[in-house]
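Asker: Need coordinates for the following:
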Amino acid sequence: MGNHGSNLDDILAEDMHHWYNKFMRESPSGLITLFELKAILNLRGITEDANSYVEQVFFTFDMDGDGYIDFVEYIAAISLLLKGEINQKLKWYFKLFDQDGNGKIDKDELETIFTAIQDITRNRDIDPEDIVALIFEKIDVKGEGEMTLEEFIEGAKEHPDIMEMLKNLMDLTPVLEIIVKGRGNEIKD
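Answerer: Sure, this is the predicted structure:
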């Protein structure tokens, strides 16, 4: 996670009471809606793809599908992103990439997500089409144009360069730091 490592280790060391207080400051109702998440992250005027990505992130964190992120889901999401095992993270990435929920990811789904991530992070070092082409070249060995969860996990693990690229692209450390520090005076209505 780059230069954020020690800072995030400190975050994890905080006790549950402290986390709960932060959560309740951001969402006094004890539930975070999609609208509130966007406000916490100060996401205004983002592209349609970026908006779709944020919604997909929200819905993958909303584990019970009730339209809210509660405290347990909040802690589970932060824990997964900070300290989750690689298989857990890859399963989460896959769920995020599988926008239509058909159990497979295709080139269009990946390209949409990577474009959206770049719109949010403003990091456009690599063209999303090139990223997707590389991933499919190395992982989609059958040439079907789509991957199952098993193919995705096995392929990512077999190719350290793909794994590193996914870690870098999917690094939500800046988002987590905004959540942890709170929105402060950044958001004004």
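
Asker: what about K22, helix or strand, and which?
Answerer: Under the criterion of DSSP states H and E, K22 resides in helix 16-26.

Asker: just E137 next, same as before
Answerer: Remark: E137 resides in helix 128-139, with elements defined by DSSP H and E.

Asker: List the contacts of that helix.
Answerer: By C-beta atoms under 8 Å, 6 or more residues apart in numbering, the residues outside helix 128-139 that reach it are 107, 110-111, 114-115, 118, 145, 147, 151-152, 155-156, 159, 161-162, 165, 169. From N, CA and C alone the C-beta is placed, and that goes for glycine too.

Asker: ok, 6 Å please
Answerer: K107, L110, E111, F114, T115, G155, H159, I162 (C-beta atoms under 6 Å, 6 or more residues apart in numbering).

Asker: And for stretch 17-25?
Answerer: Outside stretch 17-25, the residues that reach it (C-beta under 6 Å, 6+ apart) are F71, Y74.

Asker: got it, and stretch 94-102?
Answerer: Q56, T60, I105, E109, L110, I113, L149, F152.

Asker: Neighbours of the second one, how many?
Answerer: The local packing count at T60 equals 18, with neighbours defined by other C-beta atoms under 10 Å.

Asker: Show the pLDDT at it.
Answerer: The model reports T60 with a pLDDT of 83.

Asker: strands paired with the next helix or strand after the helix holding K22, and their directions?
Answerer: For helix 16-26, the following helix or strand on the C-terminal side (DSSP H and E) is strand 31-32. Neighbouring strands of strand 31-32 in its sheet, by DSSP bridges, are strand 69-70 (antiparallel).

Asker: ok, then the element right after the partner strand?
Answerer: Using DSSP H and E, the helix or strand that follows strand 69-70 in sequence is helix 71-83.

Asker: what comes up buried for that following helix?
Answerer: Within helix 71-83, the residues scored as buried using 16 or more other C-beta atoms under 10 Å are F71, E73, Y74, A77, I78, L80, L81, L82.

Asker: how much space is there between the last one and K89?
Answerer: For L82, the distance to K89 under the criterion C-beta to C-beta, to the nearest Å works out to 10 Å.

Asker: again, but for the third one
Answerer: With distances taken as C-beta to C-beta, Y74 is found 17 Å from K89.

Asker: and if you look at the second one?
Answerer: Taken as C-beta to C-beta, the spacing of E73 relative to K89 amounts to 17 Å.

Asker: Tell me where the protein has strands.
Answerer: Taking DSSP state E, the strands of the chain run over residues 31-32, 69-70, 104-106, 146-148.
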